[in-house]
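In: Return atomic coordinates for the entry below.
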Amino acid sequence: MKIHFIAIGGSAMHNLAIALHKKGFQVTGSDDEILEPSKSRLSDLGLLPQKAGWFPEKINNRLDAIILGMHARVDNPELVKAKELGLKIYSYPEYFYEQTKEKTRVVIGGSHGKTTITSMILHVLRFHKIECDYLVGAMLEGFNTMVNLSNSSKIAIIEGDEYLASPIDRRPKFHLYKADIGLISGIAWDHINVFPTFEEYISQFRIFANGIPSNGCLIFCADDGEVKKISESVQNSSKKIPYSIPNSIVETGLTCLLDGEKKIPLKIFGNHNLQNLEGARLTCEQIGISKEKFYEAIQTFTGAAKRLELVRKNETCSFYKDFAHSPSKLKATINAVKQQFPERKLIACMELHTFSSLNQKFLSEYNGSMASADRAMVYFNPHTIEHKKLAPVTRTQVIESFGTGTEINSRVVEVYTDSQKLISDLKKIQWQNTNLLMMSSGNFDGVDYNQLSEKILK
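Out: Below you'll find the predicted structure:
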């Protein structure tokens with residue numbers, strides 16, 4: 001098979017290209033800009049385009065398929081040529097389905113938690129040496145790629161993103177995987193640029209749930225009101241399994257699951273993580289992994305990258321980074337650290353970075369989301385707002401949105417538009433019996449977390 005990738009440098013795109021190359025496909029690609037680590041990983045396998053840009057001459061009738069990335073525009077010259085030749089054009093979720101349609105597909109959906117749940121399932125399968133295909137949205141410890149495809153595996157574990165599939169396919173990705181077993185972790189309005197109302201956003205999960213076949217299974221978080229409503233409205237006859245936060249205890253900074261008289265020690269913590277763990281356990285049960293085998297494996301799970309990931313710690317301070325950017329995840333992550341270390345103060349920093357978070361209409365959704373922190377700092381870059389072609393946001397608007405003028409533990413939310421000033425202020429803090437939590441889907445404009453941790457924990 002000869003496959004050409006238009007916009008091969010994307011995170012999922014280059015991982016799919018690598019997976020198909022390892023499967024024996026002839027892979028080519030183009031992109032106008034390829035950043036690290038995509039660049040080095042493609043180069044190591046001889047898949048890196050010789051020049052940056054778009055080259056219609058690469059598109060010919062000898063290609064079996066085109067895979068189109070979200071980064072490409074609808075008038076992309078390679079896409080135009082492919083259409084003229086009548087070539088089959090796929091989005092990457094469509095093509096992943098084509099490669100796994102004869103297998104049992106497990107699709108993990110939700111506004112938050114899906115990367116962690118998918119990571120937990122993959123960790124358990126790997127621990128017990130069970131082969132699977134997979135697609136996950138982060139690099140995981142022990143895994144070389146974010147995508148794996150094989151001829152021999154019987155199941156595919158898929159992180160089901162609800163964002164659009166491609167510039168010419170406006171369907172959410174997780175609809176295209178056609179789940180046999182589907183999980184919905186929680187729903188909190190996101191992607192306001194493509195789902196301008198909460199109802200439009202919710203309806204995508206309703207479509208996902210109703211798409212599960214009658215011999216399939218829907219696993220859902222019963223603690224989330226919107227998810228519960230969807231499960232009750234599903235009109236097919238698939239099996240429905242609810243889950244909630246399992247029983248646990250925290251002893252001297254260690255979280256343990258309680259299974260009857262047994263205590264199962266974990267390397268993760270927080271109600272949100274425990275909730276994710278229970279969803280992962282029930283999903284594993286549906287593919288033949290017993291509770292005992294799941295608990296044996298999950299004790300060594302340290303978390304997905306940038307999901308409450310420990311950067312560094314000493315006897316009196318722990319520094320965590322997290323991908324949290326939505327209001328619900330912000331609240332859950334802050335509460336998790338506070339509950340795990342009730343005797344320590346918590347300084348929480350978050351970056352407004354996504355299209356939704358920087359939208360004036362959406363900002364009010366953050367009201368009270370950082371209320372549990374002892375000191376709350378919010379950063380945004382005005383140039384990012386300009387780049388996304390959004391209306392300007394002021395510091396006053398952010399303060400009012402997060403706390404409507406109220407105080408958080410005697411301090412008003414501190415708002416920064418200069419990341420270096422934020423880092424400078426963090427370095428001046430006395431960190432005894434105080435934890436730091438930095439949350440963003442970006443990186444605070446290039447902050448080196450390891451270097452920062454050395455300064456504050458020395």
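In: Show the secondary-structure elements that the longest helix belonging to the chain is packed against.
Out: Ordering each helix of the chain by length in residues (DSSP state H) puts helix 271-286 first. On a contact count with 3 or more C-beta pairs under 8 Å, 6 or more residues apart in numbering; DSSP states H and E, helix 271-286 meets strand 104-109, helix 114-127, strand 181-184, strand 217-221, strand 239-243, strand 254-259, helix 291-298, helix 327-340. (C-beta placed from N, C-alpha, C; glycine too.)
In: and the closest residue to residue 331 other than its chain neighbours, how far is that from residue 446?
Out: Nearest non-adjacent residue to residue 331, counting by C-beta to C-beta, 6 or more residues apart in numbering: residue 369, 4.7 Å away. Between residue 369 and residue 446 the distance is 25 Å, computed by C-beta to C-beta, to the nearest Å.
In: And residue 248, by the same measure?
Out: Taking C-beta to C-beta, one finds residue 248 at 37 Å from residue 446.
In: Which of those two has more residues huddled nearby?
Out: More crowded of residue 248 and residue 446, by other C-beta atoms under 10 Å: residue 248, with 19 against 8.
In: Correct me if wrong: that one contacts residue 256.
Out: Yes. The pair residue 248 / residue 256 is scored as a contact, 6.3 Å apart, by C-beta atoms under 8 Å.
In: The residue sitting nearest the centre point of the chain: what's it in contact with?
Out: The centre of the chain sits closest to residue 115, judged by C-alpha atoms, centre = their mean, with a distance of 4.6 Å. Contacts for residue 115 (C-beta atoms under 8 Å, 6 or more residues apart in numbering) come out as 136-138, 159, 304, 307, 323.
In: So what touches the helix or strand of the chain with the lowest mean pLDDT?
Out: Across the helices and strands of the chain, mean confidence by mean pLDDT, DSSP states H and E is lowest for helix 382-387: a mean of 85. Under the contact criterion C-beta under 8 Å, 6+ apart, helix 382-387 has outside partners 353, 358, 391-393, 417.
In: What is the nearest of those to residue 128?
Out: residue 353 (37.2 Å; C-beta to C-beta).
In: how near is the closest residue in space to the closest one that isn't next to it in sequence to residue 355?
Out: Leaving aside its sequence neighbours, residue 353 sits nearest to residue 442 (C-beta to C-beta, 6+ apart; 3.9 Å). From residue 442 across to residue 355, the span is 12 Å (C-beta to C-beta).
In: At which residues are the helices of the stretch 301-450 of the chain located?
Out: In the stretch 301-450 of the chain, the helices defined using DSSP state H, counting those that start in this stretch lie at 327-340, 382-387, 395-403, 419-427, 449-457.
In: just checking, what packs against the first one?
Out: With contacts defined as 3+ C-beta pairs under 8 Å, 6+ apart, helix 327-340 has these neighbours: helix 271-286, strand 345-351, strand 434-439.
In: Where does pLDDT dip in this structure?
Out: Applying pLDDT under 70 to the chain flags residues 305-306, 404-411.
In: go with 50
Out: 404-406, 409-410 (pLDDT under 50).
In: the domain parsing of it - what is it?
Out: Following automatic domain parsing, one finds the domains of the chain at 2-87, 95-298, 309-457.
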